[in-house]
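J.: with the input below, show me the fold.
(2 chains, ligands or ions: 2)
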Amino acid sequence: MLRGSLAIWQRDMLILRRSIISELVAVVAYPLTIYLAFGIGMQSYIGLVDGAPYSMFIAPGLITMTAVSAAYNESVWSLWFHRRVQFTIESYRVTPISVSEIVIAKIFTGFTHGIIKGCAVGLVIFTITPFRFPLEHLLQYLLFLIPGSALFSCAGIISGTVMDKPETIGKVEAVLVMPLIFMSGLFFPLSSYPPSVVSWVRALPTTALFEGARRVLVAGDMQSLAALQVSLSAIVAFVAAVCIFRYKMSE
Amino acid sequence: MATAAIVTRSLTKSYGELTALDSFDLEVEHGSIFGLLGPNGAGKTTLIRILTTLMRQSSGDASIEGLDILRSGREIRSMIGVVSQENSLDRYLTARENLELHARLHGMEKKLYKRRIDDLLELMGLAGRQKDFPDTFSGGMQRRLVIARALVHQPQVLFLDEPTTGLDPQSRRAVWEYVRSLAGSMTIFLTTHYLEEAEQLCDRIAIMDHGRLIAIGSTQELKDRLSGATVYEIEFAGQDADHYAALLGAMPCVIDLKQVENKIAITLECWECLSEIVTALNGVPVRRISLQERTLEDVFISLTGQKVRE
Ligand SMILES: Nc1ncnc2c1ncn2[C@@H]1O[C@H](COP(=O)(O)OP(=O)(O)OP(=O)(O)O)[C@@H](O)[C@H]1O
Ligand SMILES: [Mg+2]
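T.: Ligands and ions are numbered 1, 2, ... in the order given. I've put the predicted structure just below:
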């Protein structure tokens, strides 16, 4: 049943392999700049946050941010490009595979981009800092990184399916996606929010993702409920992405 | 008798208020080359999109090789090849990889598709460029690659939506040759704006406009359908053409008369009237009298009331 998905995913991976060096340089540059500027440059002014040096405090968030925005961007732009510019989706649709196979392939591609790019940034950060996270924390961190990347890949697929214009895609990213990531406690602890706001912020799956990821990586404090929330959100987003794409294609 | 390769019954598609396809009835015989002609916006692409399962009709039915398009989408897609109006090539894959991906989507074994792709690249004259990316190709080469892609899985029915639009005359002829070489081995359904293309390639031609089928038949049948009247062009020497036009215009057997400088085109009721004309023109300095052949374009204009836009 997933033969078509596999063929399309392998096509996407071939393209990624061909440009892997430039992709990685581009994707590492941004979080690394932030890391050097804030984590190292501002560290002595900020001191300890939640008991950790600031450079350590923001490291998990930067890795997670890289992964989820890479997943989102790949999915949204790839789907838009193949649907509206290159019409490749149409060329897939006249072969004996189902529409679901196409969208599943695209979700996996975005997810793979997220994981690979997140890991690349993680490796760079670990290389330039003295912090060594225990293997156990790293493995538990995957319980956030994997569903988080899946969630954002699905969100990207939904955006790329419903939005026909590139400028709309850019606006949604600026107005919705980036604020969601930054608001979820990437650079500051949630305790900085006024108490009336904090319960709202906590309800967001992005908060569960970024908070949970940091806690488990920095302190080994595994927030199972948060991980569950991210996973459930990813499943809901997956079902929604498949349905929305199928609906759009049947129009 | 086996059912026709393509059958549509009262096929209708509306986009909101607009009826792009209006109770369309069509049958396309196995192994034939069928041409669908129509001006811009006639509904040609809409029909192809419905038949290739990319879009659902609003009402009516259609079948390909006896299979209903709504119920048997997957089976139908496994036996059709589609060349869409836009090229839809993957510019990040080489020519060969484009074909390979398509073969894999059709579930072909590697052993099988490797040879098939070699053959097709050779046939389409692209073997030397198979490792290049399609955006380095000329328009004609890209079109040939799309056709090759549609043929990888050896379809039984091939749909070509304006296969030669935008190509120069040489490339167009090259595509015609490829299409003609396929004739008989599969059913071919093509749309075009070019009357010459339909005339050269197709066994049967349908003309449509505003979503409706307005005529169907072989080129000859369609030409014969024009009124029995015949048109002659008479060219005069000297400057007195106006005078002769008045003279001819007054004759009862002349149905219609058009004058351009010293040339007059007259439409006669029947060819037998020609001798009357010749008698009337006795002594007049006639340089030439010629019979105007009916072209498919005349048929087209008389049916759709407009020239074909290219
Ligand atoms: N997705 C759509 N939504 C609304 N109207 C559409 C849509 N697609 C096509 N139409 C309309 O349906 C009519 C038929 O369009 P279609 O593309 O089938 O024509 P065509 O014969 O292929 O024209 P062309 O020769 O320009 O390719 C046109 O009036 C067009 O504007
Ligand atoms: Mg069209």
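
J.: please make it C-alpha for all contacts and neighbour counts, starting now.
T.: Noted.

J.: which SSE is residue B:144 in?
T.: helix B:139-151 (DSSP states H and E).

J.: tell me the residues of chain B that contact chain A?
T.: Counting by CA under 8 Å from any CA of the partner chain, the positions of chain B adjacent to chain A are B:52-56, B:73-78, B:81-82, B:86-93, B:101-102, B:104-107.

J.: how about a cut-off of 6 Å?
T.: With CA under 6 Å from any CA of the partner chain as the criterion, chain B meets chain A at residues B:74, B:77-78, B:88, B:105.

J.: pick out the most distant pair among the residues you listed.
T.: Taking CA to CA as the measure, those span a maximum distance of 20.3 Å, between B:74 and B:88.

J.: looking at those two, which one has more neighbours?
T.: Ranked by neighbour count (other CA atoms under 10 Å in any protein chain shown), residue B:74 and residue B:88 place residue B:88 first, with 21 against 17.

J.: by proximity to ligand 1, which residue of the stretch 201-310 of chain B wins?
T.: Among the residues of the stretch 201-310 of chain B, residue B:211 lies closest to ligand 1, at 7.0 Å counting by CA to the nearest ligand atom.

J.: any idea of the pLDDT on the closest residue in space to that residue that isn't next to it in sequence?
T.: Once its chain neighbours are removed from consideration, residue B:211 has its nearest residue in residue B:21; the separation is 3.9 Å (CA to CA, 6 or more residues apart in numbering or on different chains). Reading off the confidence values, residue B:21 has pLDDT 95.

J.: show me what contacts residue B:21?
T.: The contact partners of residue B:21, by CA atoms under 6 Å, 6 or more residues apart in numbering or on different chains, come to B:12-13, B:43, B:211.

J.: give me the contacts around stretch A:30-44.
T.: For stretch A:30-44, using CA under 6 Å, 6+ apart, the contacting residues are A:54-55, A:62.

J.: which of these has the most neighbours?
T.: Ranked by the number of neighbours (other CA under 10 Å), the contacts of stretch A:30-44 place residue A:55 first, at 26 neighbours.

J.: against ligand 1, how distant is that one?
T.: Distance, residue A:55 to ligand 1, using CA to the nearest ligand atom, to the nearest Å: 52 Å.

J.: whatever helix or strand residue B:21 lives in pairs with which strands, and in what direction?
T.: Element membership of residue B:21 [criterion: DSSP H and E] is strand B:18-28. Using DSSP bridges, strand B:18-28 pairs in its sheet with strand B:6-15 (antiparallel).

J.: chain center to the partner strand, what's the gap?
T.: Here strand B:6-15 is found 19 Å from its chain centre; the criterion is CA atoms, centre = their mean, to the nearest Å.

J.: now do the SS call for residue A:130.
T.: Using DSSP: H, G, I helix; E, B strand; the rest coil, the structure places residue A:130 in coil.

J.: tell me the bridge partners for the residue nearest to residue B:211.
T.: residue B:13.

J.: then residue B:161?
T.: residue B:191.

J.: quick check, residue B:171 in contact with residue B:140.
T.: Yes. Under the criterion of CA atoms under 6 Å, residue B:171 lies in contact with residue B:140, with a separation of 5.4 Å.

J.: related to what we said a few turns ago, in helices only, show me the contacts of stretch A:30-44.
T.: Filtering those for membership in helices, criterion DSSP state H, returns A:54-55, A:62.

J.: can you redo those residues as CSV with pLDDT?
T.: Conversion of those to CSV gives the following (pLDDT from 0 to 100):
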residue, pLDDT
A:54, 85
A:55, 85
A:62, 92
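
J.: between the residues you listed, which is nearest residue B:178?
T.: Taking CA to CA as the measure, residue B:178 lies nearest residue A:62 of the ones in helices among the contacts of stretch A:30-44, at 55.7 Å.

J.: can you give me the helices for the chain?
T.: No chain was given, so I picked chain A. Chain-ordered helices for chain A, with DSSP H as the definition, fall at A:3-18, A:20-34, A:43-46, A:54-80, A:88-93, A:99-128, A:135-162, A:166-172, A:178-183, A:195-203, A:205-214, A:224-250.

J.: switch to chain B, please.
T.: Secondary structure of chain B (DSSP H): helices at B:44-51, B:73-79, B:95-105, B:110-123, B:139-151, B:169-182, B:195-201, B:219-225, B:241-249, B:274-280, B:296-304.

J.: do the last one and ligand 1 meet at all?
T.: Same thing as helix B:296-304. No. Using CA under 6 Å from any ligand atom as the criterion, no contacts between helix B:296-304 and ligand 1 are found, and the smallest distance is 12.9 Å.

J.: hey, C-alpha coordinates of the lowest-mean-pLDDT helix or strand in chain B in CSV?
T.: Taking mean pLDDT, DSSP states H and E as the measure, the helices and strands of chain B show their lowest mean at helix B:296-304, namely a mean of 73. Included here for helix B:296-304 are C-alpha records, laid out as CSV according to Å, rounded to 0.1, in the frame of the first residue of the first chain:
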residue,chain,number,x,y,z
LEU,B,296,-11.0,22.0,-41.5
GLU,B,297,-10.6,25.6,-40.5
ASP,B,298,-13.7,26.5,-42.6
VAL,B,299,-15.6,23.8,-40.7
PHE,B,300,-14.3,25.1,-37.5
ILE,B,301,-15.3,28.6,-38.2
SER,B,302,-18.6,27.7,-39.5
LEU,B,303,-19.3,25.7,-36.3
THR,B,304,-17.8,27.8,-33.6
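
J.: so for it, what gets flagged as buried?
T.: Taking 16 or more other CA atoms under 10 Å in any protein chain shown as the basis for neighbour counts, the residues of helix B:296-304 that come out buried are B:296-300, B:304.

J.: now stretch A:156-176
T.: Neighbour-count burial for stretch A:156-176, counted by 16+ other CA under 10 Å, picks out A:156-161, A:163, A:169, A:173.

J.: the helices of chain A: lowest mean pLDDT?
T.: helix A:43-46 (a mean of 81).

J.: name the residues of it that are buried.
T.: Within helix A:43-46, the residues that qualify as buried are residue A:43, counting by 16+ other CA under 10 Å.

J.: which residue does the stretch 151-251 of chain A have closest to chain B?
T.: Per CA to the nearest CA, the residue of the stretch 151-251 of chain A with the smallest distance to chain B is residue A:250, at 6.4 Å.

J.: can you dump the C-alpha coordinates of stretch B:89-109 into CSV?
T.: This file holds the C-alpha atoms of stretch B:89-109, laid out as CSV (Å, rounded to 0.1, in the frame of the first residue of the first chain):
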residue,chain,number,x,y,z
LEU,B,89,8.5,17.5,-15.2
ASP,B,90,10.5,17.3,-12.0
ARG,B,91,13.4,19.8,-12.6
TYR,B,92,15.4,18.4,-9.7
LEU,B,93,15.6,15.0,-11.3
THR,B,94,17.5,14.1,-14.4
ALA,B,95,15.6,13.0,-17.5
ARG,B,96,16.2,9.4,-16.7
GLU,B,97,15.3,9.8,-13.0
ASN,B,98,12.0,11.4,-14.1
LEU,B,99,11.1,8.2,-16.0
GLU,B,100,12.4,5.9,-13.2
LEU,B,101,10.2,7.6,-10.6
HIS,B,102,7.2,7.2,-12.8
ALA,B,103,8.0,3.5,-13.4
ARG,B,104,8.2,3.0,-9.7
LEU,B,105,4.9,4.7,-9.1
HIS,B,106,3.5,2.2,-11.5
GLY,B,107,5.0,-0.6,-9.4
MET,B,108,7.3,-1.7,-12.2
GLU,B,109,10.3,-4.0,-11.4
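
J.: and that stretch, how far from the chain's centre?
T.: With CA atoms, centre = their mean, you get 28 Å for stretch B:89-109.

J.: go on, stretch A:17-33?
T.: Once both centres are worked out by CA atoms, centre = their mean, stretch A:17-33 turns out to sit 15 Å from its chain's centre.

J.: for chain B, which residues score under the pLDDT cut-off?
T.: Counting by pLDDT under 70, the ranges of chain B that qualify are B:1-2, B:225-229, B:294, B:306-310.

J.: much appreciated, bye for now.
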